[in-house]
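Student: Predicted model and sequence follow; I will ask about them next.
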Amino acid sequence: SAVISQKPSRDICQRGTSLTIQCQVDSQVTMMFWYRQQPGQSLTLIATANQGSEATYESGFVIDKFPISRPNLTFSTLTVSNMSPEDSSIYLCSVWDSSMNTEAFFGQGTRLTVV
Amino acid sequence: GEDVEQSLFLSVREGDSSVINCTYTDSSSTYLYWYKQEPGAGLQLLTYIFSNMDMKQDQRLTVLLNKKDKHLSLRIADTQTGDSAIYFCAERWAGSYQLTFGKGTKLSVIP
């Protein structure tokens, strides 16, 4: 299984500022994703982080608000820009195992509170 | 329906079996997953089942899949207090790497 490290694990931010979340994987993976889990809700896919090209965003999410970088096969960042209290959520990085692509693993998440 | 549906709460006594149910959306889903989320933690993959299987057993966990009814269940035998968590059902559509999650079932185990 892949081991995923996310930083920071939690943060409290002022509205209008931006936060960059890092996701580091202990092995090379092809597929890497960012999810959001709003309080008391399920997980919603934000985007697929593509190595060497622009991320693919899901409906309702845009690059200006959630810019993503994927410089190599083990690392990605998600930035939450111009934050408002509605952005308070847990943000999770996810990867598929590279061998069989049958198991999806998640980082421990970044718990963001915007005040 | 459009959503993966789960009941929100389940309460069982320690030592009893827990059964968490899920209804998913797409009959062409290839894999179905169960994740566990403990307070303040990320998602832990518990088990998954391929869509051409009816049942999968892994130690205390038994997954049952009814494709006709698009119904998935997770049975936890001899439930322990450490099993208290939120359990998410997720489906993976054919040809996609995206997972669609239910809202999660909060399992409370009473000592």
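Tutor: Perfect, thanks for sending it. Numbers count the residues shown, from 1 in each chain, chains lettered A, B, ... in the order given.

Student: Around chain A, pick out the residues from chain B.
Tutor: Taking C-beta under 8 Å from any C-beta of the partner chain as the contact definition, chain B meets chain A at B:4, B:31, B:33, B:35, B:40-45, B:48, B:50, B:88, B:90, B:92, B:97-99, B:101-104. In this view, the C-beta of every residue, glycine as well, is placed from N, C-alpha and C.

Student: 10 Å - rerun?
Tutor: Listed as neighbours of chain A in chain B under the rule C-beta under 10 Å from any C-beta of the partner chain: B:3-4, B:6, B:8, B:30-31, B:33, B:35, B:37, B:40-45, B:47-48, B:50, B:86, B:88-90, B:92, B:97-104, B:106.

Student: So for residue 14, what pLDDT did the model give?
Tutor: Reading this off chain A. The score at residue A:14 is 97. That number is its pLDDT.

Student: that answer is for a different chain, and I need it for chain B
Tutor: 97.

Student: ditto for residue B:65
Tutor: Reported pLDDT for residue B:65: 95.

Student: which SS class is it?
Tutor: strand (DSSP: H, G, I helix; E, B strand; the rest coil).

Student: separation between it and residue A:105?
Tutor: Separation of residue B:65 from residue A:105 (C-beta to C-beta, to the nearest Å) stands at 22 Å.

Student: Please apply the same query to residue B:76.
Tutor: Distance of residue B:76 to residue A:105, computed by C-beta to C-beta: 21 Å.

Student: If you count surrounding residues, which of those two has more?
Tutor: Shown here are residue B:76 and residue A:105; by other C-beta atoms under 10 Å in any protein chain shown, residue B:76 has more neighbours (23 against 20).

Student: what's across from the more buried one in the sheet?
Tutor: residue B:18, residue B:61 (DSSP bridges).

Student: Quick one: name whatever helix or strand follows the lowest-mean-pLDDT helix or strand in chain A.
Tutor: Least confident element among the helices and strands of chain A, by mean pLDDT, DSSP states H and E: strand A:104-106 (a mean of 91). Using DSSP states H and E, the helix or strand that follows strand A:104-106 towards the C-terminus is strand A:110-114.

Student: does chain B sit close to that following strand?
Tutor: Yes - using C-beta under 10 Å from any C-beta, strand A:110-114 comes into contact with chain B via A:110, A:111.

Student: what pairs with that strand, and is each one parallel or antiparallel?
Tutor: Taking DSSP bridges as the criterion, strand A:110-114 sits next to strand A:10-13 (parallel), strand A:89-96 (antiparallel) in its sheet.

Student: Tell me which of the ones you listed is the most buried.
Tutor: strand A:89-96 (a mean of 24; mean count of other C-beta atoms under 10 Å in any protein chain shown).

Student: Check the residue nearest to the spatial centre of chain A and give its pLDDT.
Tutor: Geometric centre of chain A, nearest residue: residue A:34, 3.3 Å, by C-alpha atoms, centre = their mean. The model reports residue A:34 with a pLDDT of 97.

Student: pretty sure it is touching residue A:49, no?
Tutor: Yes - counting by C-beta atoms under 10 Å, residue A:34 touches residue A:49, with 6.5 Å between them.
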